[in-house]
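Enquirer: No letters, just coordinates:
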């Protein structure tokens, strides 16, 4: 089976998960910035028809319910070498932690790459699965998220350590 997709209802709204062959290639919100054309998602299938997409949906729902911290799925994101180097670093950010665009640029060997890192993070076709929501601005502020800042905030709150949550006044 070639490219196909499912639509999953989540606590963050409807999410489209796209697979090609034996790998997940995309996860998109309805009003996702840089959302590919619907035609590129291939045919819509059901979870009963596609074990890979069914497992991706289960793992996503488990994560959003607080019962999963990492994903165990085959991914094959389309991007250039620089984007893949950024996405590899993003994939290593532990659950409940954040990093900055500048820190990723430093890991790549050149702090001046922070803007390009931001572009690569923004082009991540596997948002949530490759946790680009864990990348924040230099001062800790929330900055761009393809699914919108409200969703980024919700994902960070979902992963927030209990001791931090307990110390909040709101």
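Expert: Thanks, I have the structure now. Quantities reported herein were computed from a predicted structural model and do not represent experimental measurements.

Enquirer: residue contacts, the closest residue in space to residue 111 that isn't next to it in sequence?
Expert: The shortest distance from residue 111 to any non-neighbouring residue, by Cβ to Cβ, 6 or more residues apart in numbering, is to residue 105 (5.0 Å). Glycine gets a C-beta too; all of them are placed from N, C-alpha and C. Going by Cβ atoms under 8 Å, 6 or more residues apart in numbering, residue 105 touches 111-114, 116-117.

Enquirer: Would you mind checking those for buried ones?
Expert: 113-114, 116-117 (16 or more other Cβ atoms under 10 Å).

Enquirer: got the buried residues for stretch 54-71?
Expert: 54-57, 59-61, 63-64, 71.

Enquirer: among these, which two are most distant?
Expert: 54 and 64 (16.0 Å; Cβ to Cβ).

Enquirer: Now do stretch 134-148, average pLDDT.
Expert: Mean per-residue pLDDT for stretch 134-148: 85.

Enquirer: Quote the end-to-end distance of it.
Expert: 13 Å (Cα to Cα, to the nearest Å).

Enquirer: Offset the numbering so it begins at 8, please.
Expert: Yes, from this point I'll number from 8; that puts the last item at stretch 141-155.

Enquirer: Name the surrounding residues that touch it.
Expert: Outside stretch 141-155, the residues touching it (Cβ under 8 Å, 6+ apart) are 19, 35-36, 38-42, 97, 100, 104-109, 111, 121, 125, 128-129, 131, 134, 139-140, 156, 158-160, 163, 166.

Enquirer: and the residue sitting nearest the centre point of the chain, what are its bridge partners?
Expert: Central residue of the chain (Cα atoms, centre = their mean): residue 134, 1.8 Å from the mean position. Counting by DSSP bridges, residue 134 forms beta bridges with residue 137.

Enquirer: Farthest-apart pair in the buried ones among the contacts of residue 112, please.
Expert: 121 and 123 (7.4 Å).

Enquirer: tell me which residues in stretch 95-107 are buried?
Expert: Quick answer for stretch 95-107 (16+ other Cβ under 10 Å): 96-98, 100, 105-107.

Enquirer: And those residues, which is closest to residue 82?
Expert: The closest of the buried residues of stretch 95-107, once distances to residue 82 are taken by Cβ to Cβ, is residue 98, at 8.5 Å.

Enquirer: My guess is that closest one contacts residue 138. True?
Expert: Yes - at 7.3 Å, residue 98 counts as touching residue 138 under the criterion of Cβ atoms under 8 Å.

Enquirer: coming back round to it: would you mind measuring from the residue nearest to residue 118 to residue 21?
Expert: 34 Å (Cβ to Cβ, to the nearest Å).

Enquirer: Thanks again, I'm all set now.
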